[in-house]
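>>> The following comprises the amino acid sequence and a computationally predicted model.
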Amino acid sequence: MRANPTDQSTRTVSFEQLTELLRRIFVAHGTSAEVADVLAENCASAQRDGSHSHGIFRIPGYLSSLASGWVDGKAVPLVEDVGAAFVRADAGGGFAQPALKAARALLIDKARSAGIAILAIRNSHHFAALWPDVEPFAEQGLVALSMVNSMTCVVPHGARQPLFGTNPIAFAAPRAGGAPIVFDLATSAIAHGDVQIAAREGRLLPAGMGVDCAGQPTEDPRAILEDGALLPFGGHKGSALSMMVELLAAGLTGGNFSFEFDWSKHPGAQTPWTGQLLIVIDPDKGSGQSFAQRSEELVRQLHGAGQERLPGDRRYSERARSMAHGISIALADLERLQALAGH
């Protein structure tokens with residue numbers, strides 16, 4: 001770890017150094033080594049790629065949930081082969097990503113054999129960015145779609161009270177001439193983590209993001225977090241997509257709907273106990289030709305139409321910079337992480 005010569009309040013660490021530091025933190029706070037490996041890589045990847053609302057910012061929430069006994073940091077997922085193109089995974093009250101890792105090989109085998117495969121994860125906690133779950137499939141030439149529901153914090157369009165979670169959807173597709181096309185978006189007007197960051201930094205939000213405890217529109221992130229709620233993006237359109245996520249990520253998988261779990265007896269719990277669905281497709285079975293070449297043609301046309309930046313381009317740019325020059329972290333944050341790891 002080395003100092004940033006232009007700013008003495010920051011330090012620069014490599015991706016490997018950050019991953020190892022986070023791994024030690026998770027183990028020190030009650031996870032198994034296997035779970036720590038998965039969560040550390042996921043969290044470090046988000047920080048590396050500039051997804052700061054899901055990077056080291058999330059560590060206190062992870063640790064608080066572990067300390068409260070709300071989530072089992074040593075859970076061993078149960079993977080079941082339940083159909084020609086269907087895999088089911090019970091995360092055992094643990095995190096969703098280890099369940100995905102345990103089921104990944106079987107899911108890919110089924111997708112290549114049947115042309116499409118589904119993974120239904122239940123009894124799981126997901127507290128991370130969703131794009132790291134789908135990007136690796138696109139790197140292997142597959143198309144992947146995933147969705148996960150979260151805790152109740154979004155008022156459905158036309159309703160008076162929150163019912164849905166932020167309920168993100170992620171998509172990844174290979175392309176011939178560059179990195180995969182990947183996007184990850186919340187069906188709420190803004191991601192919950194971004195509201196938390198704005199509150200911490202004392203910034204107001206754009207109009208239309210949320211309401212206060214009286215149901216009145218507000219630009220104050222603290223008012224949204226303190227008994228207020230978020231709004232869906234695009235009014236009824238985002239609300240409909242959020243409902244779809246509830247049905248597929250929770251209803252279909254057997255996970256909890258966003259409104260079905262009660263963490264009141266676990267002070268400090270922050271990780272939603274819900275479900276996750278992944279759909280993986282072997283795209284060349286559909287067109288009989290190279291899908292990656294087809295997606296590359298679409299990218300070419302998008303650039304020709306004037307769209308300079310594609311979904312995921314900012315993350316790839318940040319990733320390249322971080323891998324070449326290191327990940328810049330505020331010194332105070334780094335010192336806190338080192339203390340959590342037991343340094």
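Alright, I've got the coordinates.

>>> tally of neighbours for P168?
When neighbours are counted by other Cβ atoms under 10 Å, P168 registers 24. No exception for glycine: its C-beta is placed from N, CA and C like everyone else's.

>>> distance of it from F137?
For P168, the distance to F137 (Cβ to Cβ, to the nearest Å) stands at 17 Å.

>>> okay, now the domains of this structure?
Per the TED database, the structural domains of the chain span 7-68+312-342, 75-187+235-311, 189-231.

>>> Output the ones you listed in JSON lines; the columns should cover mean pLDDT.
Formatted as JSON lines, these follow (pLDDT from 0 to 100):
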{"stretch": "domain 7-68+312-342", "mean pLDDT": "96"}
{"stretch": "domain 75-187+235-311", "mean pLDDT": "96"}
{"stretch": "domain 189-231", "mean pLDDT": "92"}
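
>>> So what's the residue count around L107?
24.

>>> try the one 4 residues further on
Residues contacting A111 under the criterion other Cβ under 10 Å number 27.

>>> where along the stretch 1-150 of the chain do the helices fall?
Per DSSP state H, counting those that start in this stretch, the stretch 1-150 of the chain carries helices over the ranges 15-28, 33-48, 59-68, 96-114, 131-139.

>>> From the contact counts, what lies against the second one?
Which is helix 33-48. Applying 3 or more Cβ pairs under 8 Å, 6 or more residues apart in numbering; DSSP states H and E, we find helix 33-48 packed against helix 15-28, helix 59-68, helix 96-114, helix 131-139, helix 313-325, strand 327-330.

>>> tilt between the fifth one and helix 15-28?
Between the axis of helix 313-325 and that of helix 15-28 there is an angle of 100 degrees, by axes from the mean of the first three to the mean of the last three Cα atoms, to 10 degrees.

>>> I'd like to check the angle between helix 313-325 and helix 131-139, please.
Using the same axes, to 10 degrees: helix 313-325 against helix 131-139 is 90 degrees.

>>> Centre of the chain to helix 313-325, how far?
18 Å (Cα atoms, centre = their mean, to the nearest Å).

>>> Surely S146 touches V134?
Yes - assessed by Cβ atoms under 8 Å, S146 is found in contact with V134 at 5.1 Å.
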